[in-house]
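would you be able to build a 3D model of this:
(3 chains, ligands or ions: 3)
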Amino acid sequence: MSHSPYLRESRTVQQIMLHVLLALLPGIAAYVWQFGPGILIQLLLASVTALAAEAVMLKLRGKPLGLYLRDLSAIVTAWLIALSLPPIGPWWMIVLATLCAIVVAKHLYGGLGQNPFNPAMVAFCVMIVAFPALMSQWPAAGLDPPQQIDLILGGERPLDAITAATPLDALRTGLRTGGEDARVAEITQGPAFGLIGGSGWEWVVAGFAAGGLYLLWRRIIGWQLPAAFLVTMALTALLLWGMHPARFASPLLHLASGGTVLAAFFIITDPVSGSTTPRGKLVFAGGAAFIAYMIRSFGNYPDGIAFAVLLMNICVPLIDMYTQPPVFGHKRGSS
Amino acid sequence: MLQKLFTFHGGVKPDSRKDASTCRPIRPLAMPAELVVPLHQSIGGTPRPLVRVGDRVLKGERIGAAEGPVSAAVHAPTSGTVKAVEERTMPHPSGLPASCVVIETDGEDRWIEREPVPWKSMKGDELRDFLRDAGIVGLGGATFPSHIKLRPATAPTHTLVLNGAECEPFITCDDMLMRERADEIVRGAGIMARMLAVERVLIGIEDNKPEAIAAMRAAVDGDIQVVAIPTLYPAGGEKQLLRVLTGVEVAAGRRPLDFGLQCFNVGTAYRVARAIDHAEPLISRIVTVAGNVEEPGNFEVLVGTPIDELLKAGRPRADTDRVLMGGPMMGFALPTTAAPVVKATNCVLAGSPSLLPPPPPEMACIRCGTCADHCPADLQPFELYWFGRSHNFGKAQEYHLFDCIECGCCSYVCPSHIPLVDYFRFTKSEIWARERERAAADIARERFEARNDRQEREKREKAERLAAKADATRKKLAETGAGDGAPPSPAEEAKKALIAAALERAKQQKSSVKARNTENLPADKQAEIDEIEARRARSERRTVEPPEPS
Amino acid sequence: MIAALLVMAGLALVLGAILGFAAVRFKVQGDPLVDKIDAILPQTQCGQCGFPGCRPYANAIADGEADINQCPPGGDEGVRKLADLLGREYKPLNEEHGVEKPKAVAMIDEQTCIGCTLCIQACPVDAIVGAAKQMHTVVEADCTGCELCVAPCPVDCITMEPLSETVQNWKWKYPTIPIGKAA
Ligand code: SF4
Ligand code: SF4
Ligand code: SF4
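Numbers count the residues shown, from 1 in each chain, chains lettered A, B, ... in the order given. Ligands and ions are numbered 1, 2, ... in the order given. Predicted coordinates for the structure are as follows:
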């Protein structure tokens, strides 16, 4: 026999995940518009792999298939992987990444709700460590669809002609090769850059931001995580840019390029591996943004968000422990 | 004057569905043939039965007297004959039986002699004892004896709050009471305000009850103020309501009185007025019948009425699959509808699969924090859930499990449909059980040690007795014997004195601990035992005294 | 390179020193081990563990003379708690000492009792009242259910009655909606 409450609000895990998928659509649309349909194939590949892997793992772990397959959490993970990997990577790379996320990062740690690390970010990190070259080939704007498909299917990769560096990559390479004389202002005149961020990428970022606002509006996510992430990123960038404008990119560029916006609204907001207390969320997101900026600006990887998120994942239990909100009747001034 | 209102964290807004049962006035219920009046109807001690099988009782006659410091009397709800004093199934989630007085009604409904109470000239304690003996308890659900809450604290109480929030869906008994009997509620509030010597009275009513607010506004004057508060479940929780009305957050483990506040349900105020003005003990209450019934409404029901009969008056539909006592958020499914209506019964809710759908399958917690966002006690329900699941009871307490008011908001919003409150109830009762066990173990340890000490002592005493005896004999021998008649040396003298002192001490100790194994006995048993002990002491004295030389 | 190594080593040293200091400084001065063990034991005083009462068993455990799985009234949970406290491996209850039973209290059939006082002498917690040639009775609240009084009774008038559940001591059960069953 069940006990009270006998009424329930109808929002389910499935609905939440559906909203997240919906919110990703504007960004995906902009992606396709700017960089061609390659990303669609990647999304499809990732989704199919994720569902298959999820089904096999559920079966192996003796969990009810229908219930957990329908919760859509695997699809969300799959899409986030596809959106963080280069859209012209070979098909086996996305499959491998998705398998890595679902099998290792999710199910081997206990499945939905138990994984301490963000599965999509685990996959990203494994890929960038294993295949650094492939992971840095991004399509130049306007690469025609057949060629993209050919690349995904494993076709020859005549590099420079078709690929371009992401803005952050371009910036890094620019600063490195230019030595002491390199100036951010000059580098950002290059073809990889647009008005504020990367050329073409600006639109994608705008799409993700729109989706993020949608999630905020529907109260799928709280304001703490995205706000803390974006503000910390901006402030850190502002500080260094203010000290040395020639060597460091502007806060605006940092916000509008790389995975900043995608991370702020979609990646660090993964509830399972993130902090859960209100203050903990601020610490978690702030820490992730800070580490990401540091890796971006001083490290060897083009973007450090994935590593930053994983690092902060480790700290979550500690953060949560120290940021328990005061309980009713235990607050200061009430006793 | 506009009252400044405050907010509490979280809360949910379930569809209130109160309209169905407010369109009819409060109706009386036909007299049932049999009333089953449980003796234990309030928090605290179980009242002691005052009647035996076969006794004739009159309406309002006391059939159970308050027992212990926290307890309230129970009364015969109508006239008739006591058919049995026995165990009957209680309206409780356990479905276990408890002691009840079963009354066969005679249909005459004859009152016992009644006189209005000169309450203004009565002393505070007298008046409180009167309320205790009238069986007045809180009617908001907790059934805490009201007379205890009316004892002024050391610090002055400035505000009396009447709770008319009634935030649970379906329930309208307070709503209808306020609409129809506002004057008497206000009268009761006045009496309680005077007992507590408060400066002001606030009556908090959720703003989804405009008729009740209007009726109450028309009835009040002076320092009594009716405040419409935003509709948000659980605004009717005592601490939540006090927070909304006064901004005070009553600290965990403290009483509102410590903050100069006191809070009663409007129904309780009404019963206080009835008790004082008409010498009418708490023998009936308003109960909402709602849910899957043709004719939802409110009934004035005698305590002890089988819930069956009440439900019938609302004409339940055919697909009713269970009956709840209380609302859908905090109520519980009745194990049987044969159980009686008690003082705590505010609503009888017929459920059907479409009205109260069975819980969707429980999935894994995704730590989304939605539950924490809605918890009015600012708890982190999912953490408590983990601790409960892993039987980590200490941690659960550390995370303030006992501040959970079991409002159900967290279960209500959880996207994984985890029955969080069930886990909390389980965890709480496990912790309570362990505490009971621990207390029992402590007593057992103490008694065991006391017994061991006693045995040790008895052994020692016996040895000493023997030694003394031997000593005495030797002395005698020395005195009478001519042979080696050396006088006792001073060392021997000292030893003897020592032994005598030890003996004396032991005797005293023994007499002071004698009653060790006979605590908590009824008076007659005790007398018997005393007698035996006296006999035993006499015989003991005989053996302790040095025997005659033989 | 060497500087970095030195810095790391230095850091490790400093941290270690702080930790060590904290461990000494904030060490909780607890009860002696025997008391802690005794607090876990159920105090039924039944002797099934092979010792004359819980305290002696606690002493034996503390001295390493007895294993932690010898107390049937404490049950599985008791063993787990002891294992936890002592940092030992959990092991199931040793069947030689008995099995876990629901708690019961002794009842004396007052018609049959001949007032021999043997049960009084056997009761470890003085929970039986009576006197020679008088009818005896058990004070239910103090009875630990150790069963020690049952055997000595020459007329076999003592039985163990399981404690019944009441509305007051009833416990909420562990939620049993199986995960995903109804899908
Ligand atoms: S609402 Fe449910 S799923 Fe979300 S954190 Fe709370 S318990 Fe977990
Ligand atoms: S039931 Fe307890 S934990 Fe859940 S919302 Fe209510 S007070 Fe909070
Ligand atoms: S077996 Fe009996 S005497 Fe031994 S520790 Fe357990 S309860 Fe105490």
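
how many neighbours does the residue lying closest to residue A:45 once chain neighbours are set aside have?
Excluding the flanking residues, the one nearest residue A:45 by CB to CB, 6 or more residues apart in numbering or on different chains is residue A:94, at 5.0 Å. Placement of C-beta: from N, CA and C, glycine included. By the criterion of other CB atoms under 10 Å in any protein chain shown, residue A:94 has 26 neighbours.

host element of residue A:94?
helix A:91-99 (DSSP states H and E).

who touches that helix?
A:41-42, A:45-46, A:49-50, A:53, A:77-78, A:81-82, A:85, A:123-124, A:126-127, A:131, A:134, A:152-154 (CB atoms under 8 Å, 6 or more residues apart in numbering or on different chains).

buried set for that helix?
Going by neighbour count (16 or more other CB atoms under 10 Å in any protein chain shown), the buried part of helix A:91-99 is A:91, A:93-99.

can I get those in TSV with pLDDT?
Written out in TSV, the entries for these read as follows (pLDDT from 0 to 100):
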residue	pLDDT
A:91	89
A:93	91
A:94	92
A:95	93
A:96	93
A:97	94
A:98	94
A:99	93
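
following the helix holding residue A:94, which helix or strand comes up?
Past helix A:91-99, further along toward the C-terminus, the next helix or strand under DSSP H and E is helix A:119-130.

close to chain B, is that following helix?
No. Interface with chain B: helix A:119-130 contributes nothing (CB under 8 Å from any CB of the partner chain), its closest point being 12.7 Å away.

just how off-centre is that helix within its chain?
11 Å (CA atoms, centre = their mean, to the nearest Å).

that older thread, how close does the residue nearest to residue A:45 get to ligand 1?
Distance of residue A:94 to ligand 1, computed by CB to the nearest ligand atom, to the nearest Å: 29 Å.

could you list the low-pLDDT ranges of the stretch 101-250 of chain B?
Counting by pLDDT under 70, the stretch 101-250 of chain B shows no low-confidence range.

least confident secondary structure element in chain C?
Here the helix or strand of chain C ranked lowest by mean pLDDT, DSSP states H and E is helix C:2-25, holding a mean of 65.

just chain A next, same as before
Sorting the helices and strands of chain A by mean pLDDT, DSSP H and E puts helix A:159-162 at the bottom, at a mean of 58.

report how many residues lie close to the residue of the stretch 151-300 of chain A found nearest ligand 2.
Per CB to the nearest ligand atom, residue A:276 is where the stretch 151-300 of chain A lies closest to ligand 2, at 14.0 Å. One way to gauge burial is a neighbour count; for residue A:276, by other CB under 10 Å, it gives 22.

which pLDDT value belongs to residue 153?
By default, I'm working from chain A. pLDDT, residue A:153: 77.

that's the wrong chain, I meant chain C
88.

I'd guessed it sits against residue C:119; true?
Yes. Applying CB atoms under 8 Å as the test, residue C:153 and residue C:119 come out as touching, 5.7 Å apart.

which one of these two is surrounded by more residues?
Neighbours of residue C:153 and residue C:119, each counted by other CB under 10 Å, are more numerous for residue C:119; the result is 24 against 21.

and the closest residue to that one other than its chain neighbours, how far from chain B?
Among residues not flanking residue C:119 along the chain, residue C:149 sits closest, at 3.9 Å (CB to CB, 6+ apart). With the distance defined as CB to the nearest CB, to the nearest Å, residue C:149 ends up 13 Å from chain B.

quick one, what contacts residue C:149?
The neighbourhood of residue C:149, defined by CB under 8 Å, 6+ apart, consists of C:106, C:119, C:122-123, C:128, C:138, C:158.

which one of those is nearest to chain A?
Sorting the contacts of residue C:149 by how near they are to chain A, with CB to the nearest CB, puts residue C:106 at the top with 35.1 Å.

residues near that closest one, how many?
The number of residues packed near residue C:106 is 24, by other CB under 10 Å.

and for residue C:100?
Other residues lying near residue C:100 total 14 when counted by other CB under 10 Å.

host element of it?
Here residue C:100 sits in a region with no helix or strand, counting by DSSP H and E.

alright, calling it a day.
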